[in-house]
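Asker: how would this look folded up:
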Amino acid sequence: SDVYKRQVTNYQMSRAVLQPFEAYQKARVQFVQTVAELATRPQNIEALQSAGVMALLRPLLLDSVPSIQQSAALALGRLASYSDDLAESIVSHDILKQLVYSLAEQNRFYKKAAAFVLRAVAKHSPTLAQAVVDSGALESLVTCLEEFDPSVKEAAAWALSYIAKHTPELAHAVVDAGAVSLLVLCVQEPELALKRIATQALSEICKHSAELAQTVVDQGAVLFLAPYIAHTDPQLKRQVCNCLARIAAHAVELAESVVEGEIFPKILNCLKDTDVMVRKNSATCIREIAKQSPDLAKLICNSGGVAAIVDYISDSVGAARLPGIMTLGYIAAFDESLAMGIIASKGIPPLRNALVKEQEDHIKAAAAWSLGQIGGHSADHARALAEADVLSHLLAVYKYPHSSEDLKTKARKALKSILQMCSHLPALDPLISEAPEDILTYVLHQFAKTLPNDNEAKKKFVMSEGLKKIQEIRASPGSKLRTYIDDINQLYPQEIVQYYSPDYAATLMKKLDDYNGGD
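Answerer: Down below sits the predicted model:
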């Protein structure tokens, strides 16, 4: 019985000792869980920061209880997501090194939470992303890409993506850490979420330079990305089209490597996708390929790309239209037959519509540029644009006082390009009374070139009051405009030119007065 009493006494004493520890543990659990929950609501952030939450959470990252560690990391990640100040606070409290240390040691749940914090800090600015790199996080994050658990890989890929996106130097750091080959492997994993973020991370790396894009290509990324163009998941298709566009943007060789992934004609189907970002990103990818070389532009045309892009522009509005508009301009610029193919595919009406209807000047400017590229090849090209009433609309945006300087410049260049090729005089007639002097010079130059060889056109020029209008123009002596007016006047009898002169009536009255005075 004495033994039994001693056992009971020892048990009671040990319970008395353990009780405060259990209470302390419960309090820590409750604290970190409550803070993590409060951090989900923006209105609580300032109060948490004022209460010194960072200093209180930091030691809990090294707590002996794994669930407390994870909740502490989750709370820090949520806080860091809200602002640069909170993210900087994590850096200044020297929390990053603790996270990196634990990232290599702890279980998969903690690794996810720690990677979340690193991502939340890195996303704000190059300086904060550099702080994450300086903490030694890259090696641990790349190691996480080799984990068995897909959710750990996903969390690490997110963090690497946010580091790489800021600057070429940070992207190089991610590449040098050996991330690219592992990200390409992640693209091949069956989990959809992992495919998406791995593709995004590759996209953030290769957007910066041809060298970085080449590194991604050399790891076979295009071969595995290209088939996903036909995937059913819109988010994955967005990322894939975006990544391929960023690869193709840098050089002809890189654009060719994208094409070798056999993306045509599959990518043209994306232009009619139900997801607006899939449509826009696929159009952007086509644009980046089209601008690189005449051969690539022809390949797009031969795949039915021009008709698909024309439909895309017709069905889109706003910023989504821009890559399609520019694609037609790039294709047209290379070759007159390609430009004629755009005209044959009814590409002018949607471009004219964008010039007239769009609200943003940079979209109008792109439409003006593309129309200039189409119309500047030959008289046939220019006539097609003139008959579609493009010239008057280009002139209108050029003269509009609130048009941006870029829009005015592109409209003027497009007008010059088209007018210098346009021999379809009926379309030029209305411009005589509307165009400012710098544009009028090009208009009258065409009349001066064309009228001497076309008697019927000379008659129509008089009947449409064109001859009368040019007599009313006050051109400076010796200017090109004055020269062209004089050249046109010389094509007609002197009496007809005098008849249409503004001072003809006054001259007649003077002659009458002189005649009567002679009596």
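Asker: for the stretch 1-150 of the chain, what are the low-confidence residue spans?
Answerer: 1-17, 106 (pLDDT under 70).
Asker: tell me the helices in it, going along the chain?
Answerer: 2-38, 45-50, 53-57, 66-82, 84-92, 95-105, 108-122, 126-134, 137-144, 150-164 (DSSP state H, counting those that start in this stretch).
Asker: Kindly present the ones you listed as JSON lines, with separate columns for distance to residue 368 and mean neighbour count.
Answerer: (C-beta placed from N, C-alpha, C; glycine too.) Listed next are those as JSON lines, based on distance: least, CB to CB, whole Å; neighbours: other CB atoms under 10 Å:
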{"stretch": "helix 2-38", "distance to residue 368": "53", "mean neighbour count": "12"}
{"stretch": "helix 45-50", "distance to residue 368": "47", "mean neighbour count": "14"}
{"stretch": "helix 53-57", "distance to residue 368": "53", "mean neighbour count": "18"}
{"stretch": "helix 66-82", "distance to residue 368": "42", "mean neighbour count": "23"}
{"stretch": "helix 84-92", "distance to residue 368": "40", "mean neighbour count": "18"}
{"stretch": "helix 95-105", "distance to residue 368": "50", "mean neighbour count": "19"}
{"stretch": "helix 108-122", "distance to residue 368": "41", "mean neighbour count": "26"}
{"stretch": "helix 126-134", "distance to residue 368": "36", "mean neighbour count": "19"}
{"stretch": "helix 137-144", "distance to residue 368": "46", "mean neighbour count": "22"}
{"stretch": "helix 150-164", "distance to residue 368": "36", "mean neighbour count": "26"}
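Asker: closest one to residue 484 among these?
Answerer: helix 126-134 (56.3 Å; CB to CB).
Asker: Now do the closest one: everything it contacts.
Answerer: With contacts defined as CB atoms under 8 Å, 6 or more residues apart in numbering, helix 126-134 is touched by 84, 87-88, 91, 96, 118, 121-123, 159, 162-163, 166-167, 170, 173.
Asker: export the helices of the stretch 1-150 of the chain to a markdown table and tack on distance to residue 356?
Answerer: A markdown table is the format used below for the helices of the stretch 1-150 of the chain (distance: least, CB to CB, whole Å):
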| stretch | distance to residue 356 |
| --- | --- |
| helix 2-38 | 53 |
| helix 45-50 | 47 |
| helix 53-57 | 55 |
| helix 66-82 | 43 |
| helix 84-92 | 43 |
| helix 95-105 | 54 |
| helix 108-122 | 44 |
| helix 126-134 | 41 |
| helix 137-144 | 50 |
| helix 150-164 | 40 |
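Asker: Of all those helices, which one is nearest residue 482?
Answerer: Using CB to CB, these put helix 126-134 closest to residue 482, at 57.9 Å.
Asker: Determine the angle, from 0 to 180 degrees, between the closest one and helix 137-144.
Answerer: 70 degrees (axes from the mean of the first three to the mean of the last three CA atoms, to 10 degrees).
Asker: how big is the angle separating helix 126-134 from helix 95-105?
Answerer: Using the same axes, to 10 degrees: helix 126-134 against helix 95-105 is 40 degrees.
Asker: wait, residue 412 sits on residue 436?
Answerer: No. With contact defined as CB atoms under 8 Å, residue 412 does not count as touching residue 436 (9.7 Å).
Asker: How many neighbouring residues does residue 439 have?
Answerer: Other residues near residue 439 come to 21 when the count uses other CB atoms under 10 Å.
Asker: Secondary structure element holding it?
Answerer: Element membership of residue 439 [criterion: DSSP states H and E] is helix 437-450.
Asker: elements contacting that helix?
Answerer: helix 405-419, helix 425-434, helix 480-489 (3 or more CB pairs under 8 Å, 6 or more residues apart in numbering; DSSP states H and E).
Asker: May I see those organised as TSV, with distance to residue 458 added?
Answerer: Formatted as TSV, the helices and strands packed on helix 437-450 follow (distance: least, CB to CB, whole Å):
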stretch	distance to residue 458
helix 405-419	20
helix 425-434	10
helix 480-489	9
